[in-house]
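pasting a predicted model and its sequence here:
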Amino acid sequence: MLWLVRSAIVALYPSGGALPGAADCGLDGFLRRFRREAPALVWLGVVLGALVFHFSAFFTVFVPLPAFLLPAGLRDRHASRIASTNVYLARQGIFLVKLAAGLCWGADAEVRRRLALPPLPADPGTWRTS
Amino acid sequence: MRHVAFRAAGEGPLDGDFDFVVVGSGAGGASAAVTLARGGASVAVVEAGPWRDPSDYPSSAYGGMRDLMDDFGSQVAVGRALWPIVQARVVGGTTVINSAICVRTPGDIFAQWEAQHGLTGLEAPVRAAQERLERELSAEEAPEASRGRSNLLAKAGADGLGWSDSHYMVRYVKRCAGAGQCLQGCRGGQKQSLNLTFVPEVLSRGGTVLSCAPVERLVLDGRRAAGVRGRFVHPASRAKGASFFLRAKRAVVVAASATHSPVLLLRSGLKLPALGEFFRAHPGTGVFGNYDSPVDMNVGTTQGWASMAFRQAPGLKLETLAIPPELVASRLAGGGRELMERLTRYRHFAMWVHAVRAESTGTVKPSLFGRPVVRYTLDRPDMERFRQGMLLVARQHFAAGARSVIPGITGLPYELTADQLPLMESAPLDPRRYVAILSHLFGGCVMGRDEKTSVTDARGRVHGVQGLVVADASVIPTNLGVNPQHTIMGLAQVFAQALLDEGAPARPVPAGTVA
Ligand SMILES: Cc1cc2nc3c(=O)[nH]c(=O)nc-3n(C[C@H](O)[C@H](O)[C@H](O)COP(=O)(O)OP(=O)(O)OC[C@H]3O[C@@H](n4cnc5c(N)ncnc54)[C@H](O)[C@@H]3O)c2cc1C
Ligand code: SF4
């Protein structure tokens, strides 16, 4: 499942442009942390979103293949179309995948440098114990 | 002085006796608790979330969701569309993640409460409480040096359009440094959230605070609230810990928020016809302006400018809001190379938002697992207001010099120039086409005189139950059309004072007797 989510994210936030893509932003570590720390229902939503992403290419680019088997150009067109689909629940599923990925991408030091933002210190994850 | 954080199951159950037990430490709970503690009563505050100080605050949006928000920020209102509900679960409640905007309750609201709900005698004491709160929590206008370009542009746009109100906001912030991080907690400690102010004061006055301690049920002794029961939950592993039982000699004050308070009362077996009904909100959304030169909206006060010009008609509040790149990424439409291209414009975006004074009502009821389920859909007039608000914000962007706006309405072009605004005017009113958020919530335990249509009286006392008061957003019976925390805090302090006044004179008690 992790692989499925990862490949949907990489297609939605591809590398190779002016900004780093999700794959350049420590995505694997982030996803492991996300799966461990997020409530089960949130993770389930992201997995369902990734499934929608991969198994809807027939409706966007009219090719009966999962998105991970599409050639790069076609997969990119699919990513653009499915993220703006008129089917509400499908769009919500993709939104969840984009949200999870955005949390990783937007916190990356190099992305932030390009956006003229200072790097983020690590989240301490601490609380008062007494 | 006693703060009990998580307590493991092996350490055995915890119980204690207090004059008052306050459930929740947010805007309502902490304000009520500090009033009770100042009155010399013994007070225990029981909070579901952990106590985090500024040095514990996360810096990333992910950390904010994990460490500060209720349920990872994943709660949604279920209706025609699924719109997220944002609240905190931490000592200090939503005041930790809010923008600290402080607006007095408008006079017309008290008049409306009196005329429609029979609520009298609230205006003068709430006003007095609000004046005191403003002094104690350092209500200040966003300082000039930290306003940031997005707020300055918003002011210029509104002034250019000749709006009757356009102002820099007053917030509970001491010398704001303009770090633009309010939503993840103010790490500089400038924001006077209640985990830094009233909750420590309760402790220093001999009160007790239980954190990581969600209350599961109120304990009722016939028609009297006798205390609360629950189990500690570890803030990282979510493992259940020891159970606790706190007895309240005088009253239990429930202030767990507009979603959790009605559900806690329902879970505890209370049966009142209006319990969980009349849920309301100020749904809101943002419109990005796309400017030629960088705006850098995350430099400067998170929310520094507002207009009340449209509060009465059509029923809107307009504000600025800075959101970090983590959230902009998912907020922009599209995916793939097209999305990455859009994100390169991030520095040029300014996000301004509206909050709709919606009249639609919904319900809050417990799920099978006891969690709040909110059912809520905006009716057509509210959706018209919603769209109209977006249009006003778009016009404001153009008046401030934006080259285009990004409305985020599915079915419309990604970006609109000024001459394309008619497309927005005629956008469909289906809520599923809009990205909205609910952050100002009301109702579920509304105040009123009639027991059939309300849950509490004008002092938050639950009808037909002795020693049970609700003191948070859930008692508010109407929308406000302004940011609600000042109203919630004012009401909570008035309710707490009424509790002190009605009982036997409180003895100054050094501390609760926690076993
Ligand atoms: C992002 C954001 C920005 C906002 N900005 C502003 C602003 O600038 N100005 C403004 O006026 N308003 C603002 N608001 C709204 C305002 O913060 C809330 O209306 C207000 O905090 C609600 O107060 P409350 O006491 O009802 O609930 P909360 O402040 O949410 O407090 C409820 C507390 O109860 C706890 N709790 C819940 N269930 C239990 C349980 N079973 N046992 C024990 N504890 C429990 C919760 O963990 C929480 O700490 C904002 C809201 C959000 C989400
Ligand atoms: S804008 Fe920054 S400094 Fe000002 S209150 Fe918010 S987080 Fe604190």
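On my side now, so go ahead. The structure presented is a predicted model; accordingly, all values stated were derived computationally and were not measured. Ligands and ions are numbered 1, 2, ... in the order given.

how about the residues of the stretch 401-515 of chain B by chain A?
B:410-411, B:432 (Cβ under 8 Å from any Cβ of the partner chain). C-beta: built from backbone N, CA, C; applies to glycine.

ok, those vs residue B:253, which is closest?
For those, the closest approach to residue B:253 (Cβ to Cβ) belongs to residue B:432, at 39.0 Å.

which residues does the closest one contact?
By Cβ atoms under 8 Å, 6 or more residues apart in numbering or on different chains, the contact set of residue B:432 is A:88, B:80-81, B:410.

coming back round to it: dump the residues of the stretch 401-515 of chain B next to chain A to CSV, plus secondary structure and pLDDT.
Converted to CSV, those look like this (DSSP: H, G, I helix; E, B strand; the rest coil; pLDDT from 0 to 100):
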residue, secondary structure, pLDDT
B:410, coil, 95
B:411, coil, 94
B:432, helix, 97
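
now, which of those residues lie close to ligand 2?
When Cβ under 6 Å from any ligand atom is applied, no member of those is adjacent to ligand 2.

ok, those residues vs ligand 1, which is closest?
When those are compared for distance to ligand 1 (Cβ to the nearest ligand atom), residue B:432 wins out at 22.3 Å.

roughly how far does that closest one sit from residue B:283?
Separation of residue B:432 from residue B:283 (Cβ to Cβ, to the nearest Å) stands at 13 Å.

tell me where the stretch 401-515 of chain B has helices.
B:421-425, B:485-502 (DSSP state H, counting those that start in this stretch).

relative to ligand 2, which of those helices is closest?
helix B:485-502 (13.9 Å).

can you name every helix or strand that the host helix or strand of residue B:133 contacts?
Secondary structure from DSSP states H and E places residue B:133 in helix B:123-136. In terms of contacts (3 or more Cβ pairs under 8 Å, 6 or more residues apart in numbering or on different chains; DSSP states H and E), helix B:123-136 is packed against helix B:107-117, helix B:485-502.

so which of the contacts of residue B:432 comes closest to residue B:463?
Residue B:463 has its nearest neighbour among the contacts of residue B:432 in residue B:80, at 32.7 Å by Cβ to Cβ.

that closest one - how many residues pack around it?
13 (other Cβ atoms under 10 Å in any protein chain shown).

how near is residue A:31 to residue B:136?
Counting by Cβ to Cβ - residue A:31 and residue B:136 are separated by 45 Å.

next one: residue B:57
22 Å.

and those two? Which one has more around it.
For residue B:57 versus residue B:136, neighbours defined as other Cβ under 10 Å are more numerous around residue B:57 (24 against 14).

would you map the strands across the stretch 251-400 of chain B?
Per DSSP state E, counting those that start in this stretch, the stretch 251-400 of chain B carries strands over the ranges B:280-290, B:305-307, B:316-320, B:349-356, B:363-366, B:372-375.

any idea how far the fourth one is from the middle of the chain?
What separates the centre of strand B:349-356 from the centre of its chain is 17 Å, taken as Cα atoms, centre = their mean, to the nearest Å.

could you export that strand as CSV, CA atoms only?
C-alpha atoms of strand B:349-356 as CSV (Å, rounded to 0.1, in the frame of the first residue of the first chain):
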residue,chain,number,x,y,z
PHE,B,349,0.0,34.8,-3.7
ALA,B,350,-2.0,36.6,-1.0
MET,B,351,-4.9,34.7,0.6
TRP,B,352,-7.9,36.6,1.9
VAL,B,353,-10.9,34.8,3.3
HIS,B,354,-14.5,35.3,4.2
ALA,B,355,-16.6,33.9,7.0
VAL,B,356,-20.3,33.6,6.3
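
now it: average pLDDT?
The pLDDT scores in strand B:349-356 average 98.

ok, now the longest one?
Per-residue confidence for strand B:280-290 averages out to 97 on the pLDDT scale.

next, the angle from that strand to strand B:349-356.
160 degrees (axes from the mean of the first three to the mean of the last three Cα atoms, to 10 degrees).
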